[in-house]
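K.L.:
Pasting a predicted model and its sequence here:
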Amino acid sequence: MSADAAPDRVRYLSLAWIRELSAAVEASERLAELAADHRLRVTQIVTDTPEGDVAYHLSVADGTASFGAGPVEDEDVRMQQDWDTAVAVATGQLNAQEAFVTGRILLTGDRELLMASLDVFAALDSVFNEVRARTDYS
């Protein structure tokens, strides 16, 4: 967290931010519902952050959704992007689809499964919105 950030704010991609999102994902009834019908494990890598490279993951399967630090075991999809791209997407300055198309987000793995899971990402975005208001992107 930057020195001028309010104490209740969390720095983007910090362990505190990951913990807050983890709790919000766990508490999401919508993600739990979707996890009953979907199976998706995604690892996200963000390079060149102020704290080095950061990995976190989302796992949705068997009625459970979880979010946490580090890569997910047996990932279906991996996304990699640099800090500037991650911040631009997270703050709405860059559309995620545009970032994929232009190669700013590198995607490997099962693209069909990813496309079949768009409703999971829509629900996840609403969870992110809960934490986004308290996030420091500097």
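P.N.:
Perfect, I can see it now. Just so you know, these numbers come straight off a predicted model, no measurement behind them.

K.L.:
hey, let's count contacts and neighbours off CA atoms from now on
P.N.:
Noted.

K.L.:
So in the protein, which helix runs the longest?
P.N.:
helix 118-132 (DSSP state H).

K.L.:
contacting residues for Thr108?
P.N.:
Val77, Arg78, Met79 (CA atoms under 8 Å, 6 or more residues apart in numbering).

K.L.:
no no, Leu94
P.N.:
Neighbours of Leu94 in contact, by CA under 8 Å, 6+ apart: Thr85, Ala88.

K.L.:
Secondary structure element holding it?
P.N.:
For Leu94, there is no host helix or strand (DSSP states H and E).

K.L.:
now do the one 3 residues further on
P.N.:
Element membership for Gln97 (DSSP H and E) is helix 96-101.

K.L.:
could you pull out the helices for this structure?
P.N.:
Using DSSP H, helices in the chain cover 15-27, 29-37, 83-90, 96-101, 111-115, 118-132.

K.L.:
right, and the ones you listed - which one's nearest Val46?
P.N.:
Val46 sits nearest to helix 83-90 of all these, at 5.9 Å, using CA to CA.

K.L.:
buried ones in the closest one?
P.N.:
Trp83, Thr85, Ala86, Val87, Val89, Ala90 (16 or more other CA atoms under 10 Å).

K.L.:
hmm, back to that, quick one: which of the contacts of Thr108 sit in strands?
P.N.:
Val77, Arg78, Met79 (DSSP state E).

K.L.:
The second one and Gly109 touch, don't they?
P.N.:
Read that as Arg78. Yes: using CA atoms under 8 Å, Arg78 is in contact with Gly109, at 6.2 Å.
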